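Asker: Requesting a structural model of the entry that follows:
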Amino acid sequence: MSRRWIDANIIANVTEVPEELKDLASLMKSVPNFNKVDGAKKVYSRKEYIILAVKNGYIVYNTLKPFEKSHTHIRSFNMSKTIIENCINKRTPKTNNLYLLESHIRISTDKKYIKLVEELIEAKKSKDKLKYRNKNINSKKK
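Answerer: Residues are numbered from 1 along each chain as shown. Coordinates of the predicted model:
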């Protein structure tokens, strides 16, 4: 089998980016669905919510709000999807984790739902600790 050689200039012309496209690079980076961080990749989207895969976890982002105020960092992809589903369907979160409850507030746009989750957070914070204490009967205090 003989090898076929290709002129290097033909390959170079194909791989060069035209100047008019280079000017649009900054515009593309400002669009919310475009990769904002090195290595960020859009892996899921539903309605106005997207999930970006980053170095160690995922970013859940609501495209209707500014990025600084409407994103949250989550380690698990399934938890990211659950947060989005809860916000879309206005479901009460089952978690006791305050960080995840705050995440629901950050990415939601519905005022009623935000108030519901805030009340849930207040209830979790004000919940009294268990007053039961296991006494050691065999120990003697002197």
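
Asker: low-scoring stretches of the chain, by residue?
Answerer: 1-2, 11-18, 21-22, 25-39, 128-142 (pLDDT under 70).

Asker: Helices along that one, start to end?
Answerer: 8-15, 19-22, 25-30, 77-89, 98-107, 111-126 (DSSP state H).

Asker: by how many degrees do the fifth one and helix 111-126 diverge?
Answerer: When axes from the mean of the first three to the mean of the last three CA atoms, to 10 degrees is applied, the directions of helix 98-107 and helix 111-126 differ by 160 degrees.

Asker: So which residues lie in contact with helix 98-107, not counting its own?
Answerer: Residues from elsewhere that reach helix 98-107, judged by CB atoms under 8 Å, 6 or more residues apart in numbering: 49, 60-62, 65, 69-72, 74, 79, 83-84, 86-87, 93, 95, 113-114, 117-118, 120-121, 124-125. Placement of C-beta: from N, CA and C, glycine included.

Asker: Filter the residues you listed down to the buried ones.
Answerer: 49, 60-62, 65, 70-72, 74, 79, 83-84, 86-87, 93, 95, 113, 117, 120 (16 or more other CB atoms under 10 Å).
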